[in-house]
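> one predicted model, sequence on top.
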Amino acid sequence: MLQLILASKSPRRRELLSNLGVPIKTMVSNINEEEIKNPNPVKLAQEIAYRKALKVKEDLDEDGIIIAADTVVYCNGFLAKPKDKEDAYNMITILSGKKHQVITGFAIISTANGKEVLDSETTNVYFKKLSPEEIARYVATGEPMDKAGGYGIQGYGSLLVERIEGDYFNVVGLPLFKLNNRMEKDFKISLLPRISG
Ligand SMILES: Cc1cn([C@H]2C[C@H](O)[C@@H](COP(=O)(O)OP(=O)(O)OP(=O)(O)O)O2)c(=O)[nH]c1=O
C-alpha cells in the first residue's frame, strides 16, 4: 500500500488517525491561510485543505497519498482561531445559546496517479447559554487558543456543548467516516485494519 501522509501540524488530526492504528507519516504544510478568501464556508474549508495538500506534494520526494484538512467555524460569520484571551471571550459570547456550523474540508491527493478528491463534512453544534462568569472560567483554562471558534469539544468544551447533529470527529478536525468512504470509493483503501494471520 502507498504511504499515507497527513499534511498537518494538528496533534488532534494525528491522534484521530493513530487511534485507528493507521500507519501515517505527518508533514507540516505551512501556508498562509489568511490569504485565502471565500464567503462560502464549505468552499473556503475545501480550498484551504487543497492548498495544504498541494504544499506537501511539492515537498514530497516519494509517492504517497496525501490527506489534508481544514476546520472552519461559522456562526453568521467566520470564527477563526482567537488572537488573545479577549478575542476568545468574544467568540464564546457569540456562540453562547446558539447553533453554529463546524465545517471540515478535506483533500486527498495520490501522487502516484495524480487523482485528487475534495470533499467536506458539516456538523451543527448547539451551545448552552453561558453566563459571563462561565465564559471567563472557560477562557482561563487556556483551551480556546489554538482552536477554530475558540473551543475544543474534546476538552472542557464538552461542558459547553448541549448537543450536536452529525459527526463528532468532524468537530475535532477530521470527519473519519466520510474520509474513509472517499478513501474506499476513490482510492480503494480502507482505514479498517485487515484481518491478520
Ligand atoms: C471546533 C474545534 C476545533 N478544533 C481544532 C481542530 C483544528 O486543529 C483547529 C482548526 O484549525 P485548522 O487550521 O483546521 O488546523 P491546524 O492549524 O490546527 O492544523 P493544520 O493546518 O496543520 O492541519 O481547531 C478542535 O480541536 N476542537 C473543536 O471542537
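All right, it came through fine.

> residues contacting the most centrally placed residue in the chain?
Taking Cα atoms, centre = their mean, the centroid of the chain lies closest to residue 173, which sits 2.5 Å from it. With contacts taken as Cβ atoms under 8 Å, 6 or more residues apart in numbering, residue 173 has the following neighbours: 10, 12, 13, 16, 69, 71, 104. Using the backbone N, CA and C atoms, a C-beta is placed for each residue, glycine as well.

> how about the residues of this protein near the ligand?
8-10, 12-13, 52, 70-71, 73, 102, 147-149, 151-154, 157, 171-173 (Cβ under 6 Å from any ligand atom).

> quickly find the element holding residue 153.
For residue 153, there is no helix or strand it lies in under DSSP states H and E.

> give the contact list for it.
Applying Cβ under 8 Å, 6+ apart, we find residue 153 in contact with 125, 161, 164, 168, 171, 172.

> pLDDT score for it?
Predicted confidence (pLDDT) for residue 153: 98.

> ok, residue 29 next?
On the pLDDT scale, residue 29 is placed at 88.

> I figured it was touching residue 49, is that so?
No - applying Cβ atoms under 8 Å, one finds residue 29 not in contact with residue 49, separated by 9.8 Å.

> what residues are shared contacts of these two?
residue 68.

> so for the two, which sits in the more crowded spot?
Neighbour tally, residue 29 and residue 49, criterion other Cβ atoms under 10 Å: the higher count belongs to residue 49, 27 against 22.

> contacting residues for the more buried one?
Under the criterion of Cβ under 8 Å, 6+ apart, the neighbours of residue 49 are 68, 69, 70, 104, 105, 106, 107, 118.

> you'd agree the fifth one is in a strand?
Yes - secondary structure of residue 105, determined by DSSP: H, G, I helix; E, B strand; the rest coil: located in a strand.

> what segments of the protein are strands?
Secondary structure of the chain (DSSP state E): strands located at 3-7, 24-27, 64-74, 78-79, 99-110, 116-127, 161-165.

> closest one to residue 141 among those?
Between residue 141 and these, the shortest gap by Cβ to Cβ is with strand 161-165, which sits at 14.7 Å.

> can you point out the buried residues in that closest one?
161, 164 (16 or more other Cβ atoms under 10 Å).

> that strand to strand 116-127, inter-axis angle?
Taking axes from the mean of the first three to the mean of the last three Cα atoms, to 10 degrees, one finds that strand 161-165 is oriented at 140 degrees with respect to strand 116-127.
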